[in-house]
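A.B. asks: Quick one, fold the following:
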Amino acid sequence: MYVLCRQLKLLKAPLKQLNKLHFRHISERVRRAEANLEQHQALLHNDKDNEHLLAQDKKLRLDLINLKSAKKMFYSQKLKCNFFKDCDRRTSFFHALMSHTHKKNFIPAIRCKSGSLTTSMAEVGDVFVSYYQQLLSSSRATIPLDETVVCCGPRLDAAS
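C.D. replies: Next up, the predicted model:
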């Protein structure tokens, strides 16, 4: 365990350096890439047949897509980190989140087959149980397998 912890601590500095190199000021880099692409597309609009400008436009678009993807990943990780940090503290945020989850998963009423509205928790549960019992216990006639269709695809031999 000590060896693993030591290796992880040694890995931390290179990962920080890599992060600084590729993701520092990511929002600003996206804005600059968008501005470069707009300027380049204005040039391309004036000279539509220039192969060099077309190739450069393709490269700039690809760079912008990659930067936007990196920005999205960065902010989603940051949001997730903040969410877990706030969620673990049993703060008002945590209790509001639990309340919202409970309300979202609660079914207050359901309409029966007869058309009446059922609001009692026991009756709502009974309606769900009866519906799924009827759905899963009913048997229907099925058409037999067409052996020509079955033989067309890959299959195992009898020994397997």
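
A.B. asks: Give me the domain ranges for this structure.
C.D. replies: When the chain is parsed with automatic domain parsing, its domains come out as 8-90, 106-137.

A.B. asks: Can you flag the weakest of those domains by average pLDDT?
C.D. replies: Sorting the domains of the chain by mean pLDDT places domain 106-137 lowest, at a mean of 84.

A.B. asks: circling back to that earlier point, in a markdown table, list the domains of the chain along with distance to residue 154 and mean neighbour count.
C.D. replies: Bear in mind the C-beta positions are built from the backbone N, C-alpha and C, glycine included. Formatted as a markdown table, the domains of the chain follow (distance: least, C-beta to C-beta, whole Å; neighbours: other C-beta atoms under 10 Å):
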| stretch | distance to residue 154 | mean neighbour count |
| --- | --- | --- |
| domain 8-90 | 37 | 12 |
| domain 106-137 | 31 | 11 |
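
A.B. asks: can you put the ones you listed in TSV and add distance to residue 153?
C.D. replies: Shown next, in TSV, are those (distance: least, C-beta to C-beta, whole Å):
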stretch	distance to residue 153
domain 8-90	38
domain 106-137	29
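
A.B. asks: right, so of those domains, which gets closest to residue 151?
C.D. replies: Closest approach to residue 151 among the domains of the chain (C-beta to C-beta): domain 106-137, 31.7 Å.

A.B. asks: Return the distance of the closest one from the chain's centre.
C.D. replies: 32 Å (C-alpha atoms, centre = their mean, to the nearest Å).

A.B. asks: ok, now stretch 13-32?
C.D. replies: So, by C-alpha atoms, centre = their mean, the centroid of stretch 13-32 is 23 Å from its chain's centroid.
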